[in-house]
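Undergrad: Have a look at this prediction, sequence included:
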Amino acid sequence: MRTASEHARSIVQATAPVIEKHGLAITTAMYKRLFVNANVKAMFDGAAQESGEQPRRLANAILAYAKNIDRLENLGPAVGQMVRRHVETGVRAEHYPYVAAALLPAIRDVVGAEVATDEVLAAWGEAYWMLADILIAAEAEAYAEAA
């Protein structure tokens, strides 16, 4: 399982105010990029997208992660809920690269290259994959239990 370096974690925490201010715009831009893939788009609840509920939920989750990246135990209930939802909708390990490829450029699209520097995006990439590995492992366990 991957971990984010201390340097990356500190950058992610330092950028939490940017996520707090622009999170909804970032997740909205991310979903626009993600949904170019019709197969991925089909996995999502269209009504939750239309109402803005899903982008809001994800923006709040990203903010909570940024604020708690050094205290992941604080996110236990939220991670459990995310895992349950992912298993219900058929999310698999192979879907995570699509999200990374949509999220990181969306951050830069929204806040600009002056804020979302290569160093900042690299830190968020490390942080993304650290969380993705946690979710993938928990989802694999949930799928195995269900089988």
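TA: In hand now; what should we look at?
Undergrad: Quick check: buried residues in the lengthiest helix in the chain?
TA: Counting by DSSP state H, the longest helix found in the chain is helix 118-146. Neighbour counts over helix 118-146 (16 or more other Cβ atoms under 10 Å) mark 120-121, 123-124, 126-132, 134-136, 138-139, 142 as buried. Backbone N, C-alpha and C define where each C-beta goes, glycine included.
Undergrad: before we move on, what about stretch 20-27?
TA: In stretch 20-27, counting by 16+ other Cβ under 10 Å, buried: His22, Gly23, Leu24, Ala25, Ile26, Thr27.
Undergrad: and if you look at stretch 1-21?
TA: Under the neighbour-count criterion of 16+ other Cβ under 10 Å, stretch 1-21 has Ala4, Ala8, Arg9, Ile11, Val12, Gln13, Thr15, Ala16, Val18, Ile19 buried.
Undergrad: Repeat that for stretch 106-115.
TA: Buried residues in stretch 106-115, defined by neighbour count with 16+ other Cβ under 10 Å: Ala106, Ile107, Arg108, Asp109, Val110, Val111.
Undergrad: Please convert the buried residues of stretch 20-27 to CSV, extending it with pLDDT, distance to Asn74 and secondary structure.
TA: Below are the buried residues of stretch 20-27 laid out as CSV (pLDDT from 0 to 100; distance: Cβ to Cβ, whole Å; DSSP: H, G, I helix; E, B strand; the rest coil):
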residue, pLDDT, distance to Asn74, secondary structure
His22, 98, 23, helix
Gly23, 97, 18, helix
Leu24, 97, 22, helix
Ala25, 98, 25, helix
Ile26, 98, 22, helix
Thr27, 97, 21, helix
